[in-house]
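1. any chance you could fold what I've pasted below:
(one chain, ligands or ions: 1)
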Amino acid sequence: MTAGTLASARIGVITFPGTLDDRDAARAVRLAGGEPVSLWHADGDLRGVDAVVLPGGFSYGDYLRAGAISRFAPAMDAVVDAAKGGMPVLGICNGFQVLTEAHLLPGSMVKNDHLHFVCREQVLAVESTSTAWTNQYLAGQHITIPLKNQDGQFVADDRILDELEGEGRVVFRYQGWNPNGSRRDIAGISNERGNVVGLMPHPEHAVEAGFGPDGEHGPRTGTDGLGFFTSVLASLVSA
Ligand SMILES: NC(=O)CC[C@H](N)C(=O)O
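-> Numbers count the residues shown, from 1 in each chain. Here you go, the predicted structure:
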């Protein structure tokens, strides 16, 4: 993509068997002004996209461990190479699970501590705006987006957690209630470079006025998730 051509940014959305949220992710890209490109897990060619979203769902039925099989999909070999080269990659929920399994992000996702599926509107604090996916938010801003998962507990040892905190790579933290027992209330993290971000809650379901969740204090806005997709477009223009 040439600098300054915001609307021509092509954002790939990968579909695995069992993916649920690819259509909403593609729609979010379109509403932000980008061009969504459908990518299939078995295809190792990313079709020249500028960034990639790994959407939510139950890829390969969450068999073995959520994300553990998807990690070996041919598309993921291409994503790992592209991410190492600096391409923006966002993993949402099951996509976050795939990113940890693929070792693009540290830590692991395990069963929610209460052992129940959780589905709710969740308030998050945006703790880092230095990533390809959060540069259009304000540091400390609270956003409300849906959360729905069974394996949403982020775990890592203290050395990794201290490193994430020390390097400003805790991108989102749960506010008000920790819905799954995640260490240090962590809802999302990034890699060192800030091009790879993963989180459990779902920004792609909060991109259109009147349909997303109410804000924390104010009237229903429903668009708190749109900033992920406008952020990546902005990061591509400034790249
Ligand atoms: N919404 C989702 O992406 C679900 C993620 C995952 N398979 C889980 O339940 O933990």
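2. assign Gly44 to helix, strand or coil.
-> coil (DSSP: H, G, I helix; E, B strand; the rest coil).
3. ok now the biggest helix by length in the chain, how far from the chain's centre?
-> Scanning the chain for the longest helix, with DSSP state H as the assignment, gives helix 226-238. Averaged C-alpha coordinates place helix 226-238 at 13 Å from its chain's average position (C-alpha atoms, centre = their mean, to the nearest Å).
4. any idea of the mean pLDDT for that helix?
-> Confidence for helix 226-238, expressed as mean pLDDT, is 95.
5. excluding its backbone neighbours, what's nearest Gly67?
-> Closest residue to Gly67 apart from its sequence neighbours, by C-beta to C-beta, 6 or more residues apart in numbering: Gln97 at 3.4 Å. For glycine as for every other residue, the C-beta is placed from the backbone atoms N, C-alpha and C.
6. on the three-state scheme, that neighbour is what?
-> helix.
7. now do the helices in the chain.
-> Under DSSP H, the chain gives helices at 22-32, 74-84, 94-101, 158-166, 226-238.
8. export the ones you listed to JSON lines and tack on mean neighbour count and distance to the ligand?
-> Converted to JSON lines, those look like this (neighbours: other C-beta atoms under 10 Å; distance: least, C-beta to the nearest ligand atom, whole Å):
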{"stretch": "helix 22-32", "mean neighbour count": "22", "distance to the ligand": "11"}
{"stretch": "helix 74-84", "mean neighbour count": "18", "distance to the ligand": "16"}
{"stretch": "helix 94-101", "mean neighbour count": "28", "distance to the ligand": "4"}
{"stretch": "helix 158-166", "mean neighbour count": "14", "distance to the ligand": "21"}
{"stretch": "helix 226-238", "mean neighbour count": "22", "distance to the ligand": "15"}
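9. could you dump the ones you listed to CSV with distance to Gly198?
-> Shown next, in CSV, are the helices of the chain (distance: least, C-beta to C-beta, whole Å):
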stretch, distance to Gly198
helix 22-32, 14
helix 74-84, 11
helix 94-101, 3
helix 158-166, 12
helix 226-238, 12
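10. quick one: closest of these to Asn149.
-> Asn149 sits nearest to helix 94-101 of all the helices of the chain, at 7.9 Å, using C-beta to C-beta.
11. related to what we said a few turns ago, who does the longest helix of the chain touch, helix- and strand-wise?
-> Using 3 or more C-beta pairs under 8 Å, 6 or more residues apart in numbering; DSSP states H and E, the elements in contact with helix 226-238 are helix 22-32.
12. can you pull out the residues in contact with the helix it packs on?
-> 11, 13-15, 35-36, 38, 53, 55, 57, 92, 202-205, 207-208, 225-226, 228-230, 233 (C-beta atoms under 8 Å, 6 or more residues apart in numbering).
13. re earlier: OK, contacts around the residue nearest to Gly67?
-> Residues near Gln97 by C-beta under 8 Å, 6+ apart: 66-67, 91, 109, 151.
14. which residues of this protein score low on pLDDT?
-> For the chain, the stretches with pLDDT under 70 are 1-7, 214-220.
15. repeat that for 90
-> 1-8, 208-222, 238-239 (pLDDT under 90).
16. so which bits of it are right by the ligand?
-> 56-58, 62, 66, 93-94, 148-152 (C-beta under 6 Å from any ligand atom).
17. buried subset of those residues?
-> Taking 16 or more other C-beta atoms under 10 Å as the criterion, what is buried in these is 56-58, 62, 66, 93-94, 148-152.
18. pull the CA atoms of stretch 31-43 into CSV?
-> Coordinates of each C-alpha in stretch 31-43 appear next as CSV, following Å, rounded to 0.1, in the frame of the first residue of the first chain:
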residue,chain,number,x,y,z
LEU,A,31,-17.0,0.4,8.5
ALA,A,32,-13.6,1.8,9.5
GLY,A,33,-12.8,2.5,5.8
GLY,A,34,-10.6,-0.5,4.9
GLU,A,35,-11.0,-3.3,2.4
PRO,A,36,-11.6,-6.7,4.0
VAL,A,37,-10.0,-9.7,2.2
SER,A,38,-11.2,-13.2,3.1
LEU,A,39,-8.4,-15.7,3.7
TRP,A,40,-8.7,-19.4,4.2
HIS,A,41,-6.7,-21.3,6.8
ALA,A,42,-5.5,-23.9,4.4
ASP,A,43,-4.0,-21.4,2.0
